[in-house]
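Trainee: What follows is a predicted protein model with its sequence.
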Amino acid sequence: MKTLRRRPTTNALVVLSLTIASLSVAIFFAGGSVDASAPQSSLIISGQIREFDGTPVPNVTMTFTVNRMGTIETSTTQTDSNGNYSSGDLGCPNSGQVTPSKAGLSFTPQSNVFVNLCTPQTANFTVIPSVVISQVYTGGGESGATFSNDFVELFNRGSSTINLTGWSVQFASSAGTTWQGTNLAAVTLAPGQHYLLQLASAGANGASLPTPDSASGIALSSTGGKVALLFNNTPLPAGPTCPASAAVVDFVGYGDASCAEAVPAPAPSNTSADLRKGNGCTDTDVNSADFATGTPTPRNRAAVASPCGGGIQFSVSTASTTETLNATTKVELTVTRSGDTSTAASIEYASADGTASERSDYLAALGKLRFAAGESTKTITIFIVDDSYGESAETFTVNLSNPVGGSLGTPATVTVTINSNEAANGPNPVRDASFSSDFFVRQHYVDFFNREADPAGLAFWKNQIDECTTQACREIRRINVSAAFYISIEFQETGYLVYKAYQASFNTGEHLDLRDFLPDTQEIGRGVIIGQPGADQQLEANKQAFFLDFVQRPEFLAAGAFPTTLTAAQFVDKLNGNTLDPLNPGAGPALTQAQRDALVAQLSPDPTSATLRAQVLRSISENGVFHSRQFNKAFVLMQYIGYLRRNPNASPDTNFDGYNFWLGKLNQFNGNFVNAEMVKAFITSGEYIARFGP
């Protein structure tokens, strides 16, 4: 971007030796080695979590509870993309227990306990599939019956399609110890889909069932009985009154049954069925709590699917806002999910230009909304640029996509209208003659922090400019205030950290794309205002979530990147290889040998563990030497992303010549952005000024 080149100036750099809670111009470096020493003999619990069909299950929280002479200690980790986990060193406790948990999933066994062991142990778990028994009707064909046949209805309450090939439903009487079963059809059951198993008839009374998906001549007792759903067709062993098999997916005891999930469900009648609550979605593993009697409504695979979690959609299809002088204009869009909300869910969102432009009319909004179990609403905040153009109403859209744990509801798109607050062109708020410190500072908060200015921060940075009595003072203060947003702890711990994670992983440098950078930066900084109560805790939670998600993305796990086949040493060395000094590559990677070896030791217990991989990537991304080496390169890239809202090689540029020019200038002046005239060139460029007015 050669139009931004300026001759050097002799203006001295004014150092703002001031710190404010909302924004500090101090630079924070994080680094250090990890103590890899551990006892030679210790309890280490590791294993794998799989679906019943063998598919690995990632992101399962593994809780380790140990008893040390009466003192209870707990720790957690998560399974990686291959379903593997490791506790790390637990020492030699009196006992240790590992328990898996993940919203919406049940496991067999429920936990594993080890007593007086001081050696590595293995504990594998299997996810119990999400198909449940959703209706039991026992009055088929009897006097006054609603339907002519008994039936059992199954329902997929999960978010994955389940193959029922080889599955069976098996039955026993109330106190019975022998089981009779019927095999299910070799079909798949999509989320929200039902399966109808027709059973025997006691007479000619009642309406015919919808076309069943399979049928059997087994009859059910109205007074009580037991129904077991298995993911195999091996007959349950005779003898126990309760089903003795790890293949049991769901079990219902009703009426006077001798066995049930906790307490039996009520007894059905000729005109009522046992109906699973929540339209089939409720599953607390207590039959009496999960079922209620009601009008039988048999559904087969052809019936309309009703996924648990329901639809995820916007609350409205249109929204509008009006630019407001001396205020941060924004529009807030509510996303809701209907139906059962007992499990976690997520959905992606992205804004798209209509007649409004994300460079000059609004700030692009990209990311993922994550609903925790029990949450039903989320908000997307989009900031509007209060430009001084007198223009007609303009529009852009925000779209939802890729739902997980629910379906895409309607509306999935919102059209947002921006109304101008000027009938004719007004004075440009960033030109010298009409400069507005209020506008300038507010815009920096949204451009660099993706948030509204807090009152104290806004007042402080405005005053840094407004207290000047000469134009020369105002110019240098404007440059320093602008640069302070990049140098601040808040940006260094959010946006710059995202940059370094990409650099360490993919050697992206100036090729880091705006649309990759923005969603991660918006996510890692969500809810964070440095210096305010709770900011440190929120930032730490955001960082942990970011790195754990980052190392499980397909592009990170790709064969040419960081597949789980890499050893601990290969993983660390590949990341470390991307930390070379751009000005002196021969100086070697950023990590010292001791730091490198410590991270290898940290990852070695399970090189496939997503949790351990995330910790290693974060340690390298926060390394102090690496931080210093990439500081200038990231500084120049953020001029393009923050001020111009584009990539360095995007129009009007066609390559990285402009970026390289300014990087050379900044390096020439040893990072002194004033003497390099870099910040000044960007905030006085025609491209930047044109974002906000004529």
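Mentor: Alright, I've got the coordinates. Since we're looking at a predicted model, the values are computed, not measured.
Trainee: alpha carbons only for contacts and neighbour counts from here, please
Mentor: Fine.
Trainee: Where do the strands of the stretch 251-400 of the chain begin and end?
Mentor: Per DSSP state E, counting those that start in this stretch, the stretch 251-400 of the chain carries strands over the ranges 273-276, 291-294, 311-314, 318-322, 330-337, 345-353, 366-371, 377-383, 394-404.
Trainee: can you pull up the bridge partners for residue 415?
Mentor: residue 318, residue 397 (DSSP bridges).
Trainee: What count of nearby residues applies to it?
Mentor: Number of residues near residue 415 (other C-alpha atoms under 10 Å) recorded here: 17.
Trainee: Could you pull up the residues touching it?
Mentor: 317, 318, 319, 395, 396, 397, 398 (C-alpha atoms under 8 Å, 6 or more residues apart in numbering).
Trainee: Please apply the same query to residue 612.
Mentor: 602, 603, 606.
Trainee: Surely the last one and residue 85 touch.
Mentor: This means residue 606. Yes: the pair residue 606 / residue 85 is scored as a contact, 7.1 Å apart, by C-alpha atoms under 8 Å.
Trainee: Please identify which of these two sits among more neighbours.
Mentor: Using other C-alpha under 10 Å as the criterion, residue 606 and residue 85 rank with residue 85 on top: 31 against 23.
Trainee: Can you name the residues bridging to that one?
Mentor: With DSSP bridges as the rule, residue 85 is bridged to residue 47.
Trainee: surely it meets residue 50?
Mentor: No: using C-alpha under 8 Å, residue 85 is not in contact with residue 50; the gap is 11.6 Å.
Trainee: quick one: which of the contacts of residue 415 is nearest residue 563?
Mentor: residue 398 (33.9 Å; C-alpha to C-alpha).
Trainee: could you measure that closest one against residue 645, distance?
Mentor: 18 Å (C-alpha to C-alpha, to the nearest Å).
Trainee: Residue 501 too?
Mentor: Residue 501 is 21 Å from residue 645, by C-alpha to C-alpha.
Trainee: Could you do residue 110 as well?
Mentor: Residue 110 is 50 Å from residue 645, by C-alpha to C-alpha.
Trainee: Please apply the same query to residue 261.
Mentor: 57 Å.
Trainee: ok, now residue 386?
Mentor: Counting by C-alpha to C-alpha, the gap from residue 386 to residue 645 is 16 Å.
Trainee: Quick one: low-confidence residue ranges for this protein.
Mentor: Within the chain, the segments meeting pLDDT under 70 span 1-40, 103-104, 309-310, 340.
Trainee: For the residue nearest to the spatial centre of it, name its beta-bridge partners.
Mentor: With distances taken as C-alpha atoms, centre = their mean, the residue of the chain nearest its centroid is residue 370 (5.6 Å). Per DSSP bridges, the residues bridged to residue 370 are residue 346.
Trainee: hang on, the earlier thing: compare neighbour counts for residue 398 and residue 645 and give me the winner.
Mentor: residue 398 (23 against 20).
Trainee: List the contacts of that one.
Mentor: 349, 350, 351, 352, 413, 414, 415, 416.
Trainee: Excluding sequence neighbours, find me the nearest residue to the fifth one.
Mentor: I take that to be residue 413. Leaving aside its chain neighbours, residue 413 sits nearest to residue 399 (4.5 Å; criterion: C-alpha to C-alpha, 6 or more residues apart in numbering).
Trainee: can you pull out the strands in the stretch 401-550 of the chain?
Mentor: Using DSSP E, counting those that start in this stretch, strands in the stretch 401-550 of the chain cover 407-408, 413-419.
Trainee: For residue 551, find the nearest of these.
Mentor: strand 407-408 (26.0 Å).
Trainee: The closest one - which strands sit beside it in the sheet, and in what orientation?
Mentor: Here, using DSSP bridges, strand 407-408 pairs with strand 311-314 (parallel).
Trainee: For the partner strand, buried residues please.
Mentor: 311, 312, 313, 314 (16 or more other C-alpha atoms under 10 Å).
Trainee: these two touch, right, the third one and residue 335?
Mentor: Yes: look at residue 313 against residue 335 with C-alpha under 8 Å: they come within range, at 5.6 Å.
Trainee: Mutual contacts of these two, please.
Mentor: With the criterion set as C-alpha under 8 Å, 6+ apart, the contacts of residue 313 and residue 335 do not overlap.
Trainee: returning to what we had before: what's the residue nearest to the centre of the chain in contact with, if anything?
Mentor: Applying C-alpha under 8 Å, 6+ apart, the residues near residue 370 are 344, 345, 346, 347.
Trainee: mind listing what the last one touches?
Mentor: In other words, residue 347. 312, 368, 369, 370, 400, 401, 402, 403, 404.
Trainee: Repeat the analysis, applying 6 Å as the threshold.
Mentor: 368, 369, 402, 403 (C-alpha atoms under 6 Å, 6 or more residues apart in numbering).
Trainee: Report the two of those residues separated the most.
Mentor: Farthest pair in the contacts of residue 347, by C-alpha to C-alpha: 369 and 402, 10.8 Å.
Trainee: what about the two, which has more around it?
Mentor: residue 369 (19 against 13).
Trainee: Now do the more buried one against residue 544, distance only.
Mentor: 17 Å.
Trainee: got it, and residue 664?
Mentor: From residue 664 to residue 544 the distance is 35 Å (C-alpha to C-alpha).
Trainee: Tell me the spacing between the closest residue to residue 274 other than its chain neighbours and residue 118.
Mentor: Leaving aside its chain neighbours, residue 274 sits nearest to residue 293 (4.6 Å; criterion: C-alpha to C-alpha, 6+ apart). Separation of residue 293 from residue 118 (C-alpha to C-alpha) stands at 52 Å.
Trainee: Residue 521 now?
Mentor: Residue 521 is 43 Å from residue 118, by C-alpha to C-alpha.
Trainee: what does residue 568 give?
Mentor: Residue 568 is 24 Å from residue 118, by C-alpha to C-alpha.
Trainee: burial count for the nearest residue to residue 270 once chain neighbours are set aside?
Mentor: Spatially, and ignoring its direct neighbours in sequence, residue 270 is nearest to residue 139 (4.0 Å; C-alpha to C-alpha, 6+ apart). For residue 139, the neighbour count with other C-alpha under 10 Å is 31.
Trainee: Now do the phi/psi pair for residue 139.
Mentor: The phi/psi pair for residue 139 (degrees, to the nearest 10) reads phi -100, psi 10.
Trainee: Pretty sure it sits against residue 272.
Mentor: No: Residue 139 is beyond contact range of residue 272, at 8.0 Å (criterion: C-alpha atoms under 6 Å).
Trainee: of the contacts of residue 612, closest to residue 223?
Mentor: residue 606 (52.9 Å).
Trainee: send the alpha carbons of stretch 682-694 over as CSV?
Mentor: What follows is stretch 682-694, C-alpha atoms only, in CSV (Å, rounded to 0.1, in the frame of the first residue of the first chain):
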residue,chain,number,x,y,z
PHE,A,682,-2.6,4.6,8.4
ILE,A,683,-4.8,6.9,10.5
THR,A,684,-4.4,9.7,8.0
SER,A,685,-4.6,7.6,4.9
GLY,A,686,-7.4,8.2,2.4
GLU,A,687,-8.6,4.6,2.8
TYR,A,688,-9.1,5.0,6.6
ILE,A,689,-10.7,8.4,6.4
ALA,A,690,-13.1,7.3,3.7
ARG,A,691,-14.5,4.7,6.1
PHE,A,692,-16.1,7.4,8.1
GLY,A,693,-17.1,10.2,5.8
PRO,A,694,-16.2,12.4,2.8
